[in-house]
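Colleague: Sequence and predicted structure are below.
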Amino acid sequence: MEQLRPGHPCRRFDVFNDEWERVAVGTKLPSGLFVVEWLRDAFPEEEQTDNPVVSQYQSKADAQQATGGEIIFEDPR
């Protein structure tokens, strides 16, 4: 896995559902925008696609409400 350089302006996070299964990964951009890429397995089989499913949110609160999950930021070390 590629390590971020110290002081990198983006923050990586994971989104977990109520069962603590990871359902998405994302990045908080310097602008404050949250970009979320959903994991294919997060959807029922009949709704899965081969294409990436990406969502954008204006804040952490918006992202958590929309995903219904818990956002956990990656340890910056």
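Modeller: Here it is on my side, so go on. Residues are numbered from 1 along each chain as shown.

Colleague: Trp20 belongs to a helix?
Modeller: No: applying DSSP: H, G, I helix; E, B strand; the rest coil, one finds Trp20 to be coil, outside a helix.

Colleague: Look up how far Gln58 lies from it.
Modeller: Trp20 is 26 Å from Gln58, where distance means C-beta to C-beta, to the nearest Å. Placement of C-beta: from N, CA and C, glycine included.

Colleague: And Pro9, by the same measure?
Modeller: Separation of Pro9 from Gln58 (C-beta to C-beta): 18 Å.

Colleague: And Gln65, by the same measure?
Modeller: Taking C-beta to C-beta, one finds Gln65 at 11 Å from Gln58.

Colleague: now do Pro52
Modeller: Using C-beta to C-beta, one obtains 21 Å as the distance from Pro52 to Gln58.

Colleague: Compare those two and say which is more crowded by neighbours.
Modeller: Applying other C-beta atoms under 10 Å to Pro52 and Gln58 shows that Gln58 carries more neighbours, namely 11 against 8.

Colleague: Without its sequence neighbours, what residue ends up closest to that one?
Modeller: Computed as C-beta to C-beta, 6 or more residues apart in numbering, the closest residue to Gln58 that is not its neighbour in sequence is Leu33, at 6.7 Å.

Colleague: what do you get for Ala24?
Modeller: Val15 (4.0 Å).

Colleague: Repeat that for Pro52.
Modeller: Glu37 (5.9 Å).

Colleague: same check, this time on Trp38
Modeller: Leaving out its chain neighbours, the residue that sits closest to Trp38 by C-beta to C-beta, 6+ apart is Val53, at 4.3 Å.
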